[in-house]
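Enquirer: My questions are about this predicted structure, shown below with the sequence.
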Amino acid sequence: MTESYVVAIDQGTTSTRCIVFDRRGQLVSVQQREHHQHFPRPGWVEHDAVEIWRAVQQLGPRTLRQAGIGPEQVAAVGITNQRETTVLWDRHTGIPVSRAIVWQDTRTDELVSALAAQPFAPEVAVRSGLPLATYFSAPKVRWLLDHTPGLRERCARGDVLFGTMETWLIWNLTGGPSGGLHVTDVTNASRTMLMDLRTLSWDDDLLAFFDIPRAMLPSIRSSSEVYGRAVEAFPGVRIGAALGDQQAALFGQTCFAPGDAKCTYGTGSFLLLNTGSAPVRSTHGLLSTVAYQIAGADPVYALEGSIAITGSLVQWFRDQLGLIGTAPEIETLARTVEDNGGCYIVPAFSGLFAPHWRSEARGVIVGLTSYITKGHLARAVLEATGWQTREVVDAMNADSGLALRSLRVDGGMTADNLLMQFVADVLDVPVVRPMVAETVSLGAAYAAGLAVGYWPDLADLRRNWHRAAQWLPSMDPELRADEYDNWQRAVERTFDWLRPKAS
């Protein structure tokens with residue numbers, strides 16, 4: 001019997017990858033291509049959606065050739081994507097009306113401020129689980145409607161379609177102008193500010209508030225189901241899943257039970273906690289979002305805490321201060337001392353994200369004395385990631401009523417053993433890293449394979465998960481409490497650094 005495989009398309013912020021996985025969840029082959037980042041004005045960030053689609057067209061067949069297989073051996077394709085990035089295109093030609101507006105883009109800040117002053121504004125968070133912010137898709141769509149002559153009329157007629165990147169790719173994979181499917185999944189829809197988090201449907205009042213025509217919106221589907229068959233890149237193969245990247249990482253880490261949590265440590269860090277079958281309204285600065293939905297089953301929800309600066313603090317220490325030559329050297333330097341020497345670094349380079357959401361905050365280094373060496377600074381850099389994780393976990397525990405039992409981790413920073421031990425110490429729970437590091441892509445593959453019976457159930461996926469490393473807490477509780485108090489006092493010193501200019 002010929003062996004079959006599952007393919008993940010991982011469409012990220014800086015690159016697109018195609019990865020082939022086998023039945024054990026092991027990586028068989030991978031192809032990757034970076035795409036251009038466009039910065040036409042300060043605060044504007046754009047991607048060329050056509051460039052990204054062309055990459056998928058080319059990477060798909062290459063990945064199969066590298067694996068030595070053909071499309072007939074692919075059981076299903078799953079897609080995971082950068083979330084919130086917004087593309088509008090002509091349904092008859094497949095040509096985007098503009099470059100895609102990326103999740104990082106802040107051109108809508110004045111629009112968001114104006115919307116926040118309207119009476120209905122508080123209801124946005126109640127219904128969507130999201131605060132009014134430039135981060136999400138709805139303001140980006142509204143901005144394009146307001147700034148492109150004739151666009152609103154074309155959208156109202158259904159001639160122009162909206163989607164996040166998985167919607168754009170599925171539409172093109174399934175035929176584009178010749179019958180392409182216009183669908184999104186619940187995880188990506190939950191990041192638009194247009195979907196009711198409980199009903200999992202587009203909300204008429206939210207659409208009216210943002211003044212967005214319903215005709216341009218994709219249909220909302222579950223995260224794991226067969227949407228259709230590809231006619232491009234993987235001809236004849238079933239497309240069986242779509243999930244936003246952080247939800248895909250949660251799925252790839254097999255965090256299927258309430259209380260399961262993962263943190264992806266990269267340039268910034270994203271911590272998601274499975275909260276079960278009902279959304280949890282955060283009162284501690286977190287986002288409520290859909291974690292995933294398997295076809296025919298109830299949705300599973302999550303709380304999300306985003307930390308802006310983690311790995312990028314190490315990059316700053318390397319590139320701006322020049323105290324190390326490569327990122328891994330920071331662990332060696334930090335190990336030259338026993339502790340931080342009383343020094344704390346709070347990296348509020350562009351404000352603080354969860355759980356504080358203080359845009360006026362700026363970074364500080366506190367506790368400096370003549371005793372402090374670059375080794376102490378290196379340790380303070382690593383500890384900043386640990387303490388920021390602790391703040392988010394405390395907020396999650398308070399919101400959910402679920403005490404974190406362990407934390408599954410992935411991302412580049414998990415190679416730093418000192419950091420991972422510190423995270424375990426400050427959380428007072430085990431920290432566990434899996435064998436397969438590509439958890440985002442693996443989550444998309446798992447969801448797609450589940451949709452077609454390649455894997456029979458969630459229990460089978462759990463059996464695929466294997467521990468590569470574990471760190472157990474060993475810090476004295478009194479020391480932990482004292483150090484956390486010092487950290488919180490350091491954080492307070494970042495507040496109100498930027499003050500409103502006098503008019």
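Expert: Thanks, I have the structure now.

Enquirer: mind exporting stretch 360-374 as PDB, just the C-alpha atoms?
Expert: Extracted in PDB, the C-alpha atoms of stretch 360-374 (Å, rounded to 0.1, in the frame of the first residue of the first chain):
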ATOM      1  CA  GLU A 360       2.700  55.600  26.500                       C
ATOM      2  CA  ALA A 361       5.100  53.400  28.400                       C
ATOM      3  CA  ARG A 362       8.800  53.200  27.500                       C
ATOM      4  CA  GLY A 363      11.500  50.900  28.400                       C
ATOM      5  CA  VAL A 364      13.600  51.200  31.600                       C
ATOM      6  CA  ILE A 365      16.700  49.700  33.200                       C
ATOM      7  CA  VAL A 366      16.400  50.000  37.000                       C
ATOM      8  CA  GLY A 367      18.600  48.900  39.900                       C
ATOM      9  CA  LEU A 368      21.900  50.000  38.300                       C
ATOM     10  CA  THR A 369      24.900  50.200  40.600                       C
ATOM     11  CA  SER A 370      28.600  50.000  40.000                       C
ATOM     12  CA  TYR A 371      28.400  46.300  40.800                       C
ATOM     13  CA  ILE A 372      26.400  45.600  37.600                       C
ATOM     14  CA  THR A 373      28.300  43.900  34.800                       C
ATOM     15  CA  LYS A 374      27.300  42.900  31.300                       C
END
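
Enquirer: So which bits of it are buried?
Expert: 361-367, 372 (16 or more other Cβ atoms under 10 Å). Glycine gets a C-beta too; all of them are placed from N, C-alpha and C.

Enquirer: Check stretch 226-239 too.
Expert: 227-234, 237-239.

Enquirer: Look at the residue lying closest to residue 137 once chain neighbours are set aside and say how many residues are nearby.
Expert: Nearest residue to residue 137 in three dimensions, chain neighbours excluded: residue 192, at 4.1 Å (Cβ to Cβ, 6 or more residues apart in numbering). Neighbourhood size, residue 192 [other Cβ atoms under 10 Å]: 27.

Enquirer: Report whether residue 280 is found in a strand, as I expect.
Expert: No. Counting by DSSP: H, G, I helix; E, B strand; the rest coil, residue 280 is not found in a strand; it is coil.

Enquirer: what number of residues lie near it?
Expert: By the other Cβ under 10 Å criterion, the neighbourhood of residue 280 contains 20 residues.

Enquirer: Sitting in strands, which of the buried residues of stretch 360-374 do you find?
Expert: 364-366 (DSSP state E).

Enquirer: ok, the residues you listed vs residue 121, which is closest?
Expert: residue 364 (32.2 Å; Cβ to Cβ).

Enquirer: got a pLDDT number for the closest one?
Expert: On pLDDT, residue 364 comes in at 93.

Enquirer: thought it was touching residue 347?
Expert: No. The pair residue 364 / residue 347 is not scored as a contact, 9.1 Å apart, by Cβ atoms under 8 Å.

Enquirer: Now do the helices in the stretch 51-200 of the chain.
Expert: Along the stretch 51-200 of the chain, counting by DSSP state H, counting those that start in this stretch, helices occupy 109-116, 121-128, 137-147, 151-156, 165-173, 186-189.

Enquirer: so for the shortest one, what's the average pLDDT?
Expert: I take that to be helix 186-189. 97.

Enquirer: next one: the third one
Expert: Model confidence over helix 137-147, given as mean pLDDT, is 96.

Enquirer: Check the first one too.
Expert: Predicted confidence along helix 109-116 averages 88 (mean pLDDT).

Enquirer: can you give me the strands for the stretch 251-400 of the chain?
Expert: In the stretch 251-400 of the chain, the strands defined using DSSP state E, counting those that start in this stretch lie at 261-265, 269-276, 287-292, 300-307, 344-346, 364-366.

Enquirer: err, the stretch 1-150 of the chain, not the other one
Expert: 5-11, 15-21, 27-34, 46-47, 74-81, 87-90, 100-101.

Enquirer: Quick one: end-to-end distance for stretch 354-365.
Expert: 20 Å (Cα to Cα, to the nearest Å).

Enquirer: Please disregard the earlier target; I meant stretch 296-303.
Expert: Span of stretch 296-303 from end to end, Cα to Cα: 23 Å.

Enquirer: Quick check: buried residues in it?
Expert: Residues 299-303 are the ones in stretch 296-303 that count as buried (16+ other Cβ under 10 Å).

Enquirer: One more: stretch 99-112?
Expert: Neighbour-count burial for stretch 99-112 [16+ other Cβ under 10 Å]: 99-105, 107-108, 111-112.

Enquirer: where's the nearest residue to residue 284 once chain neighbours are set aside relative to residue 167, distance?
Expert: Leaving aside its sequence neighbours, residue 284 sits nearest to residue 395 (Cβ to Cβ, 6+ apart; 3.8 Å). The gap separating residue 395 from residue 167 is 31 Å, by Cβ to Cβ, to the nearest Å.

Enquirer: More neighbours: which of these two?
Expert: Taking other Cβ under 10 Å, residue 395 and residue 167 do not tie; residue 167 has more neighbours (27 against 22).

Enquirer: In contact with the more buried one, which residues?
Expert: Contacts for residue 167 (Cβ atoms under 8 Å, 6 or more residues apart in numbering) come out as 87, 161, 182-184, 188, 218.

Enquirer: Surely the residue nearest to residue 284 is in contact with residue 357?
Expert: No. Checked against Cβ under 8 Å, the pair residue 395 and residue 357 is beyond contact range at 11.0 Å.

Enquirer: Touching both of these two, which residues are there?
Expert: Counting by Cβ under 8 Å, 6+ apart, the contacts common to residue 395 and residue 357 are residue 285.

Enquirer: circling back to that earlier point, closest one of the buried residues of stretch 296-303 to residue 411?
Expert: Closest to residue 411, out of all of the buried residues of stretch 296-303 and judged by Cβ to Cβ, is residue 302, at 17.4 Å.

Enquirer: my guess is that closest one meets residue 251, correct?
Expert: No. The pair residue 302 and residue 251 does not pass the contact test of Cβ under 8 Å, sitting 10.5 Å apart.

Enquirer: Between those two, which contacts overlap?
Expert: residue 291.

Enquirer: could you dump the buried residues of stretch 360-374 to a markdown table with distance to residue 315?
Expert: A markdown table is the format used below for the buried residues of stretch 360-374 (distance: Cβ to Cβ, whole Å):
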| residue | distance to residue 315 |
| --- | --- |
| 361 | 20 |
| 362 | 18 |
| 363 | 14 |
| 364 | 19 |
| 365 | 17 |
| 366 | 21 |
| 367 | 23 |
| 372 | 21 |
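
Enquirer: so where's the protein uncertain?
Expert: 1, 500-503 (pLDDT under 70).

Enquirer: how far away is the residue of it most remote from its centre from residue 341?
Expert: Computed with Cα atoms, centre = their mean, the residue of the chain farthest from its C-alpha average is residue 370, at 40.7 Å. Distance, residue 370 to residue 341, by Cβ to Cβ: 11 Å.

Enquirer: before we move on, what about residue 361?
Expert: 24 Å.

Enquirer: And for residue 392?
Expert: 26 Å.

Enquirer: cool, and residue 283?
Expert: 36 Å.

Enquirer: go on, residue 430?
Expert: Residue 430 is 28 Å from residue 341, by Cβ to Cβ.
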